[in-house]
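> missing the sequence, but the structure's below:
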């Protein structure tokens, strides 16, 4: 997108919020709920009984466990490609040759080492 083509009209801008006016008596800290007019008023939110709470807690625990297992399996599948590392002590001349081969062939040094090991093992029947 071209910066020169943008204008203020291209963006939607939200209107400003209207600040709530402070109460007439700022010293009152406790807010009281309005008294019910009749005695048969149901509570605003129904309280679940013990069985309902247990069922929802068990369902939530099962869902969290499934998520945890799926995340663990996802991490395992990502790590399957990179399982083994080999630390090799190279002398200066061999490392210089490896770097030169990697640069000339536009490869990483690990790819050159993998190819050389694969070739060596295939030639010797492994």
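Sure thing, it's come through. As the structure is a prediction and not an experimental result, all values here were calculated from the model.
> Show the residue spans covered by the strands in this structure.
Counting by DSSP state E, the chain forms no strands at all.
> domains for it, by residue range?
Domains of the chain are assigned by automatic domain parsing as 53-83, 84-126.
> Please work out the average pLDDT along the shortest one.
I take that to be domain 53-83. The pLDDT scores in domain 53-83 average 84.
> begin at 2 from here
Taking 2 as the first residue, the last one we looked at is domain 54-84.
> quick one on the thing from earlier: could the domains of the chain be laid out in TSV, adding distance to residue 8?
The way it works is simple: take the backbone N, C-alpha and C, and place the C-beta from them, glycine included. Formatted as TSV, the domains of the chain follow (distance: least, C-beta to C-beta, whole Å):
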stretch	distance to residue 8
domain 54-84	45
domain 85-127	46
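> Just put these in a markdown table and tack on distance to residue 19 and mean neighbour count.
Output for these, formatted as a markdown table (distance: least, C-beta to C-beta, whole Å; neighbours: other C-beta atoms under 10 Å):
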| stretch | distance to residue 19 | mean neighbour count |
| --- | --- | --- |
| domain 54-84 | 39 | 9 |
| domain 85-127 | 60 | 11 |
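> next one: the worst-scoring helix or strand of the chain on mean pLDDT to chain centre, how far?
One helix or strand of the chain scores below all others by mean pLDDT, DSSP states H and E: helix 51-80, with a mean of 87. How far helix 51-80 lies from its chain's middle: 16 Å, per C-alpha atoms, centre = their mean, to the nearest Å.
> Good, wrapping up.
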